[in-house]
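S.K.: sequence? don't have it. structure:
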């Protein structure tokens with residue numbers, strides 16, 4: 001039914017009249033339904049005012065070239081845009097409309113606007129360029145509704161129909177919320193609004209007008225103001241009245257020319273034609289009668305049939321006209337196709353039926369889901385005040401069960417420019433037939449000939465059925481599918497299939513990314529994906545492909561078969577614990593190289609010099625360190641590791657080396673000698689074996705101890721001890737300075753590491769020179785001395 005895509009119905013009805021009524025648009029702002037539920041509201045006389053705007057309305061004052069014009073609901077006023085042409089309103093509550101922050105109100109009226117350049121004010125109290133407190137409705141590119149109070153305000157921007165009648169309703173609450181109701185059946189766009197608090201500098205004016213200040217071109221009818229918030233049903237009833245056809249009829253005189261049927265007197269029986277038409281409309285509730293049937297000859301000897309049809313007046317009349325037109329086009333009436341003679345069409349009873357089809361109707365810019373129509377505007381003079389818009393009929397020719405229905409309405413009339421309109425929500429690669437006709441609020445019109453087209457291709461809506469998807473090796477996956485995409489889901493011509501595979505951990509651009517795509521021909525039913533990661537989760541998909549690309553994919557998740565690790569554990573380190581202990585630590589094999597579930601680690605521990613294998617152990621997957629004890633002091637060791645899965649062992653890591661901690665040397669310097677150099681200096685010389693297994697650390701140098709004897713050449717327990725050190729690990733001599741004159745010293749020496757000194761050497765005794773004595777000291781042993 002009509003307008004199903006625009007709104008869900010509010011009332012149960014199958015008629016076009018009700019559908020139009022239900023399709024009226026409601027805009028809500030603030031946090032509640034400002035228009036309220038669809039319930040009836042009793043209105044007191046002092047809280048409501050209505051202006052009929054016809055010639056008998058004494059509550060308006062017409063200025064300038066204001067004329068009376070018919071509308072869908074009666075007679076209203078027309079402002080022709082000339083200077084000083086407007087309508088002054090009387091009889092409303094000035095304290096309410098003039099001070100919106102102190103009053104709730106509802107305003108509703110029918111209007112038709114003909115936009116002009118610049119700003120056009122249609123309703124309000126604005127008379128100059130100042131900012132006025134109150135309600136003003138004006139157009140500046142789009143229609144703007146403003147309610148400005150001294151403490152609250154709202155501004156709304158909407159896009160109503162152009163050049164046709166529509167109903168506008170506004171509901172204001174003084175707390176600063178605004179609800180809008182209007183008919184959006186053309187050029188619908190999402191409205192924008194802005195509400196807020198105080199506005200400074202507002203000017204007050206209690207006089208309201210239609211069209212004052214800018215003198216617009218506009219039509220108005222049935223203006224009403226309630227000094228309270230009204231429900232949605234109030235506006236619904238006003239809009240519904242525009243389509244009221246109770247007890248009215250449409251009488252049309254039509255002529256059909258049958259160009260391929262040569263006229264012969266008596267060949268076409270008038271009663272027979274009438275009976276065929278009646279049979280055509282046997283189930284049509286709108287059809288009343290056919291009369292005045294006459295058969296004649298055209299100038300080119302074709303058969304011409306003229307007749308008069310009577311119908312109940314309704315907007316659904318297009319269904320009856322289309323039924324007759326299809327029978328005429330298909331040759332059902334007289335066994336030969338015919339065409340309407342549009343120039344002979346007459347609307348005998350009223351001006352609501354259009355005897356004119358939109359000219360130059362074409363379809364352009366056809367895409368997969370949309371197409372644009374272009375048509376010339378109809379000549380409106382007899383119908384101007386009843387014109388509803390253009391209606392687009394369509395039928396899906398690929399669906400044998402599809403019926404003609406109204407796709408969209410074009411609520412627009414601004415000649416002389418042709419109408420351009422985009423039809424959306426079509427199905428891709430589908431053959432459609434389109435027709436168009438002009439309609440009034442209460443009736444329909446002659447329908448154009450059909451234009452058939454096929455929308456452009458898109459991509460398939462579903463994927464094929466995947467019947468097999470499995471890993472065939474640690475680096476490959478096999479996928480198989482059936483040709484199961486229904487033709488009506490292809491959205492085009494199927495030219496092949498596209499296989500995608502996506503790993504679920506590495507995105508595009510990652511060095512380990514193994515995503516891929518493969519386009520295959522129409523005959524393909526399987527594909528083997530290779531060069532994948534071992535034991536890795538993948539999403540495999542297969543999609544049908546048209547010239548527009550791959551469509552919806554059918555997905556499967558597959559993990560490749562596991563394998564032995566392709567890399568050793570990560571970040572292996574060997575830490576020094578103490579002089580006889582080390583500890584190895586490591587991290588898991590990097591995920592991309594695990595290739596399965598890690599079951600454990602194998603550890604090999606050697607002397608670094610290639611000696612014996614000291615440890616060869618296997619630990620579980622939760623272990624990430626392992627201690628080694630009872631090792632040699634200051635010994636270099638190495639560790640190697642590899643991980644394993646159920647499919648085998650991975651590669652060994654490189655060896656990682658580390659020394660146990662240092663200790664003190666275990667050997668003493670030998671061949672110690674010393675002699676006096678001066679009265680305060682003695683030079684000491686020695687030999688030392690600095691083999692690592694003797695030093696047990698990094699040799700830092702040597703420490704020399706000089707035990708000083710007393711004047712009696714005795715070494716008491718509290719003898720003074722002087723200490724000297726060397727910092728050069730290769731130096732084997734040292735001159736001790738600042739000794740006492742002519743004093744006996746007992747000298748020992750020991751090797752030194754960072755952990756301390758080793759065992760001392762055998763002692764050596766020597767005396768420094770005395771001053772004034774030319775005596776040379778010679779030492780014969782470490783325990784005796786003599787004068788030479």
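M.R.: That came through, no problem. Just so you know, these numbers come straight off a predicted model, no measurement behind them.
S.K.: select the longest helix from the chain.
M.R.: helix 317-329 (DSSP state H).
S.K.: buried set for that helix?
M.R.: Of the residues in helix 317-329, those buried by neighbour count under the rule 16 or more other C-beta atoms under 10 Å are 317, 318, 319, 320, 321, 322, 323, 324, 325, 327, 328. (Glycine included, C-beta is placed from N, CA and C.)
S.K.: show me what that helix is packed up against.
M.R.: Applying 3 or more C-beta pairs under 8 Å, 6 or more residues apart in numbering; DSSP states H and E, one finds that helix 317-329 makes contact with helix 270-280, strand 302-312, strand 339-340, strand 387-396, strand 431-440.
S.K.: low-confidence stretches in the protein?
M.R.: Low-confidence segments of the chain, defined by pLDDT under 70, are located at 1-46, 184-192, 772-788.
S.K.: which strand is the longest one in it?
M.R.: Longest strand in the chain by number of residues (criterion: DSSP state E): strand 249-262.
S.K.: what angle do it and helix 317-329 make?
M.R.: Following axes from the mean of the first three to the mean of the last three C-alpha atoms, to 10 degrees, one obtains 10 degrees for the angle between strand 249-262 and helix 317-329.
S.K.: buried stuff in strand 249-262?
M.R.: By neighbour count on 16+ other C-beta under 10 Å, the buried set for strand 249-262 is 250, 251, 252, 254, 255, 256, 257, 258, 261.
S.K.: how about these in CSV, adding distance to residue 348?
M.R.: Formatted as CSV, those follow (distance: C-beta to C-beta, whole Å):
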residue, distance to residue 348
250, 9
251, 4
252, 7
254, 11
255, 13
256, 17
257, 20
258, 23
261, 26
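S.K.: partners of the helix or strand hosting residue 67 in the sheet?
M.R.: For residue 67, the element it lies in under DSSP states H and E is strand 66-71. As defined by DSSP bridges, the strand partners of strand 66-71 come to strand 74-80 (antiparallel).
S.K.: what segments of the stretch 601-750 of the chain are helices?
M.R.: When assigned using DSSP state H, counting those that start in this stretch, the helices of the stretch 601-750 of the chain occupy the ranges 692-695.
S.K.: all strands of it, in order?
M.R.: Assignment of strands within the stretch 601-750 of the chain using DSSP state E, counting those that start in this stretch yields the ranges 613-619, 625-628, 636-645, 648-649, 656-659, 670-676, 682-687, 701-708, 721-725, 733-736, 744-753.
S.K.: so which of those is nearest residue 373?
M.R.: Shortest separation from residue 373 across those is recorded for strand 636-645, at 66.3 Å, computed as C-beta to C-beta.
S.K.: helices or strands up against the closest one?
M.R.: Counting contacts by 3+ C-beta pairs under 8 Å, 6+ apart, the secondary-structure elements packed against strand 636-645 are strand 570-578, strand 581-587, strand 600-607, strand 656-659.
S.K.: can you list those strands in TSV and add mean neighbour count and distance to residue 700?
M.R.: Compiled in TSV, those are given as follows (neighbours: other C-beta atoms under 10 Å; distance: least, C-beta to C-beta, whole Å):
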stretch	mean neighbour count	distance to residue 700
strand 570-578	14	18
strand 581-587	18	23
strand 600-607	19	25
strand 656-659	16	16
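S.K.: could you export the ones you listed as a markdown table, including distance to residue 460?
M.R.: Conversion of the helices and strands packed on strand 636-645 to a markdown table gives the following (distance: least, C-beta to C-beta, whole Å):
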| stretch | distance to residue 460 |
| --- | --- |
| strand 570-578 | 45 |
| strand 581-587 | 47 |
| strand 600-607 | 49 |
| strand 656-659 | 57 |
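S.K.: alright, that wraps it up for me.
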